Each structure stands twice: as structure tokens, then as C-alpha cells.
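Undergrad: quick one: sequence and predicted model below, then my questions.
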Amino acid sequence: MAMNALHAEHMRQANAEFDDDNARITPVMTGEDGVPMPIACGRGCNFCCSMEVAVTASEAINIKQYVETTLKSSLEKIKTRVRHARRAIGDKNEIERKLAGIMCPLLGPEGNCSVYPVRPLGCRAWVSTDPDLCREDAENPLANVQIAQSTTLLGFRENMHQRIIAMEQKNGATIGFFELVRALHVAWQTPNFEARWYEGEPILESARYTPTQASVEQQLSRKAGVRNNQNNGA
Ligand code: SF4
Ligand code: SF4
């Protein structure tokens, strides 16, 4: 069963609105000292794809269905990569995953995101002004590297997530946040996944996102590096 049409349209709108909002702001953050900090993200730069990604079930389903339709010829390869990544992750937390060098199984052969048009809102909102810091964080997660973030993009993400969760609640489905790799693995291993999720069956419980204390502390310390995007007034 495909995601129901109304639900799919809501997801398309949420992603499009996020991208429109993002396009309206300048790709330069402003430091607390007023110094401009250009965002350095670009195609093929992917140190951040070693991070755990928290998604709503709708985002996971949207990605699953994109792979099954738009990336049909790569479906089996991607499912295999997800299965291998899930096995490698086991019950590791984010820091342990980075220490083990586990990357997102949705990375394509050229190091780009293979599901870019439907990538999670968490990935859309995560930016950095310095890839070297991202590399350091990926390679040495215990160093507690602080990566300045855009409060504007994090706000867009929060807003979109709230809207998606409200829509899921209205549909009577299981709501909350789930870890991307675990959620995709469950979705591909569970017969009639979408139909059962719509019926409110708690089939994603084993994928529920539970940040570890270490991750929470790291996120809290990162807050010190938060910067606002300047709005270009468009
Ligand atoms: S967040 Fe860091 S690793 Fe990810 S694309 Fe941006 S600069 Fe590259
Ligand atoms: S979904 Fe795409 S952008 Fe997000 S972590 Fe995976 S490969 Fe990176």
C-alpha cells in the first residue's frame, strides 16, 4: 500500500515549503560578534552523514517509497545497504556509531545523498560553516566539537515536524521520532508496513529515537555555537 494521497501531498508540501523558506534566507550566518559566516555545505560533502537522524514515520515512509519508485533500479542495493548498516549499528549510540565509522546507508556511490529530494528535515536543517569541524566531529566524536548551527533552519525544521506529527495524529497513526536507519530497516522487513502503520499498530517501537546521555550533552554544548541566519528580507 502506498502512502495515502493526501498524506503524500502533505509531505511533498512540507519539503517544498522548507526548501522555499530556505531559499529565502541568505546562505550566510552571523556570528555573535556580527562576523558573517558563509555556509560551506555542498554536494558530496558528507561528514555529517555519520550522525544519527531522527525522523517522523512519515519522513521514513516518504524515503522508502521514493526508493521503491524513483530509484527502483537501485532498490535491492539500497535495501541491502540498509540491512548491513542496521546490523553494524546494533544498539550503538551516535558516538559509538561514529567511532565505528558507520555512515548513512543512503549515501550514493559518489558520496552524495541518493534520496536528496526527500531527505529528512533533520538533514535539510543541518548546516555548517566549516567542513573541517564536521570532519573532526565525525572522526573524533569524543572531542565534543562545536558546530555553529542556524537557528532559523532549526526553527523551520521544528515547525514542519510539528505539522507532520499533527497530521499523523489526525490519521490515528503512531507518532513520535524514530532513528532513520532502524526505521527504514523495520519498514522494509515488515509485510504491509504502511497499511499497518496507518492502522495505528506500534510497529516502529524498536526504531524509536532515544538520544543517549552522551548525545544529549553534546547537543547541549553545541547550543553554545548556535547562530542566527540573517534574513535577506525577500
Ligand atoms: S554539515 Fe558539514 S559535512 Fe555536512 S555538508 Fe555541511 S559542511 Fe559538509
Ligand atoms: S538521508 Fe541523505 S543527507 Fe541524510 S544522512 Fe542520509 S545520506 Fe546524509
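TA: Done, it's in. Ligands and ions are numbered 1, 2, ... in the order given.
Undergrad: with adjacent residues omitted, what lies nearest to residue 17?
TA: Closest residue in space to residue 17, ignoring its immediate chain neighbours: residue 160 at 7.0 Å, by C-beta to C-beta, 6 or more residues apart in numbering. Yep, even glycine has a C-beta here, placed from its N, CA and C like the rest.
Undergrad: isn't that neighbour up against residue 121?
TA: Yes: between residue 160 and residue 121 there is a contact under C-beta atoms under 8 Å: 5.3 Å.
Undergrad: please enumerate the shared neighbours of those two.
TA: Residues touching both residue 160 and residue 121 (C-beta atoms under 8 Å, 6 or more residues apart in numbering): 14, 18.
Undergrad: all strands of the chain, in order?
TA: 25-30, 36-38, 54-55, 178-179, 228-231 (DSSP state E).
Undergrad: now the helices for this structure?
TA: Using DSSP state H, the helices of the chain run over 5-24, 57-69, 75-89, 94-99, 121-125, 131-139, 151-170, 180-189, 193-198, 213-222.
Undergrad: for the first one, what is the distance to the chain centroid?
TA: This points to helix 5-24. 15 Å (C-alpha atoms, centre = their mean, to the nearest Å).
Undergrad: quick check: residue 103 vs ligand 1, distance?
TA: The spacing between residue 103 and ligand 1, counted by C-beta to the nearest ligand atom, to the nearest Å, is 11 Å.
Undergrad: how near is the residue of the chain positioned farthest from its centre to residue 148?
TA: Distance to the chain centre peaks in the chain at residue 33, reaching 29.8 Å (criterion: C-alpha atoms, centre = their mean). Between residue 33 and residue 148 the distance is 12 Å, computed by C-beta to C-beta, to the nearest Å.
Undergrad: can you work out which residues contact both of these two?
TA: The contact sets of residue 33 and residue 148 do not overlap (C-beta under 8 Å, 6+ apart).
Undergrad: residue 11 is in contact with residue 60, isn't it?
TA: No: with contacts counted by C-beta under 8 Å, residue 11 stays clear of residue 60, the gap being 10.7 Å.
Undergrad: near ligand 2, which residues of the protein?
TA: Contact residues (C-beta under 6 Å from any ligand atom) of the chain with ligand 2: 46, 49, 53, 104, 106-107, 113, 115, 119-120, 123.
Undergrad: just give me the closest of those to residue 135.
TA: residue 46 (10.2 Å; C-beta to C-beta).
Undergrad: next one, pLDDT for the closest one please.
TA: Model confidence at residue 46, expressed as pLDDT, equals 97.
Undergrad: show the contacting residues for it.
TA: By C-beta under 8 Å, 6+ apart, residue 46 lies in contact with 103-104, 107, 111-113.
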